[in-house]
Structure formats: C-alpha cells, structure tokens
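**Q** Structure of the sequence below:
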Amino acid sequence: MEQLAPLIAASINAGTPLLLAAIGLLINERSGVLNLGAEGMMLVAAIAGFAVGYATKSPLLGFMAGAVCGMLMATLFAWLALRLATNQVATGLALSIFGAGLSAFVGQRFVGLALPAQPNSIPLLGDIPFLGKALFHQHWMSYVAFALCLASIWFLYRTRAGLVLRAVGESPESAHALGYSVRGIRYLALLFGGACCGLAGAYMSLVYTPMWVEGLVAGRGWIALALTAFATWRPARVLLGSLLFGGVTIAQFYLQGMGVTVPSQILSMAPYLATIVVLALISRNPDWIRLNMPASLGKPFRPGAS
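**A** Numbers count the residues shown, from 1 in each chain. Got it, this is the predicted structure:
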C-alpha cells in the first residue's frame, strides 16, 4: 500500500494535462468542430506559460498566459475553419505544425532554464494515511481539472446551454432554423477548448516538467484527441481515461526503477502503443462509435445552403 500511494499520485499528475486538454476538445467536438491543432496549442501555451512564470515568478500568471495563448490559437483556427470554411482536418494539422515551429523559435532563449519546485500538499488532508499521499499531494491545477470535468457534465446534461451546444453538434441546420447562432456557439466552444489546451500546455512546463525543451508536450495533444474518442465524448469517461493513460505513462518509470529487463525505448513507447491499441479496439465496432459521435463532427456549416 505504501508503494501504491505514490503511483496513484504520479498517475494523477501525469493525467492532469490530458484531462484538461481532452475536456476542452470534447466541448469542441460536441459542438461539431474537429480541431486537430491541440498539440500546437499546447506547445505555444507551454512556452508562454514558462516564459511568464519564469519572468514573474508567479505560476498563476503563467497559467493565465498559457490560457490566453491557447485561446488566441483557437481563434485563428476558428477564423479559418468557421469564417472561411476551410477543411477542419487540414486546418488543425496546419495549426499543430505552426505551433510546434513557433514554440521552438520563441523558446530558444529559455532552453536549459528551470523553475523552482512548488509545494503540493493540502494541510491536514495531506497527512491522512494512504489517501493523503495518493490524493492530496497534488498541484492545485489538478483539482481545477477535476472540477472542470464535473462542471462539463453538469453543463452538457443539466443546462439549457449544454442542450443547445449538443443540438448544434447533432443538427446545426435545425439549431439555425430555431434561431440559434451556430457559428457563434462554435466560436465560444473553440475558445473554451483553446483555454483548456492552454492550461494543459502551461501545466506541462510549470508543474509536470518545470523547464522548457523543444517538443515538451511530446504527443500529449494527440493522446488527448484520442481520449475523446476512447471516452465516446462523455466527460466522466474522459476522467477515467486520463487516469488510465497517466498510469501507463508513469508505469514505465516504475518498471525501470524495479529493474525490469525491457529496453527503455520500448517502455517509453508504452503510452502511445496503449493509445493505438485502444483506438483499434474501439474501431472494431464502427456502429458503436457512430451512435455516440456528434453527427456533424468535422462538417462545415454554411447558413442558407440546402
């Protein structure tokens, strides 16, 4: 049990950026928009958050900078995909490549710098045997991620605004006929998704690995995208999936520490192999995916077109 508590804590830590990004992407996709630029948004937010956090010594300002940069990147995507009706898949891929190049260029002067470790413990609760070490020695952004997940469940299934958002994703023509601004709702959903991806990127450079290196996000944006499909576009399953993938990520380090005679390269591949395996298993039943996927996902909406 003493060895299990640190493993659970580390899994939550590793799963937090996945949860943050996946919740934002889920809201995007529930509105009918497929944004494949998560990796680029997270990278730009990571360097912005690190730069501001390093300059001001304030992690809070770093997270705010990351969220703002994520929203700016999402605004660029929204203008191209919604206003100019460009192909969403191609636009998202371009955004991801652009973000990777921009973050590498801006981050050149920050390579090798590091931030001081932040205390991560809730008074009194952190002293509870087992549960304290497992659950209450986390950065406050981890609890924000859990709160966002619960809030998204309430929003999607318990509010009129959530019903409208899901209606826009299922049948934008019907929503438009009822007087709702499909494009405006999708803009707001993309801004929220950008802010969540921005927080996830900032978490990577401020908390998870408090330093900057090129490609710091290391594919987590793509894993977050896969996580939404794995969770069949349901927030509660996103939470479970993020903890699962976080555990797979951390397990490689524990196995190496235990002296498991497996090449380190194979262990490093584990999170990505798990993503491929899960997607392959889900794809065996396309009807099941089709029943849960928003009907208009990735399809452009042109008011007045018939």
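**Q** For the spatially closest residue to Ser152 that is not a sequence neighbour, the count of nearby residues, please.
**A** Leaving out its chain neighbours, the residue that sits closest to Ser152 by Cβ to Cβ, 6 or more residues apart in numbering is Pro235, at 4.5 Å. No exception for glycine: its C-beta is placed from N, CA and C like everyone else's. When neighbours are defined as other Cβ atoms under 10 Å, Pro235 has 24 of them.
**Q** Quick check: the gap between Pro235 and Leu95.
**A** 24 Å (Cβ to Cβ, to the nearest Å).
**Q** same thing with Ser296?
**A** Distance from Ser296 to Leu95, by Cβ to Cβ: 20 Å.
**Q** got it, and Val52?
**A** 22 Å.
**Q** ditto for Asn120
**A** Distance from Asn120 to Leu95, by Cβ to Cβ: 32 Å.
**Q** The two: which has the busier surroundings?
**A** Leu95 (24 against 16).
**Q** ok, that one - contacts?
**A** Residues near Leu95 by Cβ atoms under 8 Å, 6 or more residues apart in numbering: 35-37, 40-41, 73, 76-77.
**Q** now do 6 Å
**A** With contact set as Cβ atoms under 6 Å, 6 or more residues apart in numbering, Leu95 has these partners: 37, 40, 77.
**Q** cool, and Ala218?
**A** With Cβ under 6 Å, 6+ apart, Ala218 has no contacts at all.
**Q** Next one, pLDDT for it please.
**A** Predicted confidence (pLDDT) for Ala218: 89.
**Q** secondary structure class for it?
**A** coil (DSSP: H, G, I helix; E, B strand; the rest coil).
**Q** Distance-wise, check it relative to Phe98.
**A** 18 Å.
**Q** so Leu216 touches Ile47, yeah?
**A** No: look at Leu216 against Ile47 with Cβ atoms under 6 Å: they stay out of range, at 8.0 Å.
**Q** Between the two, point out the one with more neighbours.
**A** Ile47 (27 against 20).
**Q** ok, the more buried one touching Gly107?
**A** Yes: counting by Cβ under 6 Å, Ile47 does reach Gly107; the two are 4.3 Å apart.
**Q** where are the low-confidence patches of this protein?
**A** Across the chain, the ranges flagged by pLDDT under 70 are 1-2, 256-257, 259-262, 264, 267, 283, 287-291, 304-306.
**Q** In stretch 272-281, which of the residues would be classed as buried?
**A** 272, 274-275, 278 (16 or more other Cβ atoms under 10 Å).
**Q** Could you single out the nearest of the residues you listed to Ser11?
**A** Ala274 (13.0 Å; Cβ to Cβ).
**Q** For that closest one, which non-adjacent residue is spatially closest?
**A** Distances taken as Cβ to Cβ, 6+ apart put Val248 closest to Ala274, at 4.8 Å, once the chain neighbours are dropped.
**Q** residue contacts, that neighbour?
**A** 270-271, 274.
**Q** out of those, who's nearest Glu170?
**A** The closest of those to Glu170 turns out to be Ala274 (Cβ to Cβ; 30.4 Å).
**Q** can you tell me which helix or strand that closest one belongs to?
**A** helix 270-283 (DSSP states H and E).
**Q** That helix: how far from the chain's middle?
**A** Its chain's C-alpha centre and that of helix 270-283 lie 17 Å apart, by Cα atoms, centre = their mean, to the nearest Å.
**Q** just stretch 114-132 next, same as before
**A** 24 Å.
**Q** what about that stretch, start to end distance?
**A** End-to-end distance for stretch 114-132: 28 Å, by Cα to Cα, to the nearest Å.
**Q** Which positions in that stretch come out as buried?
**A** So, applying 16+ other Cβ under 10 Å, buried residues of stretch 114-132: 115, 120, 126, 132.
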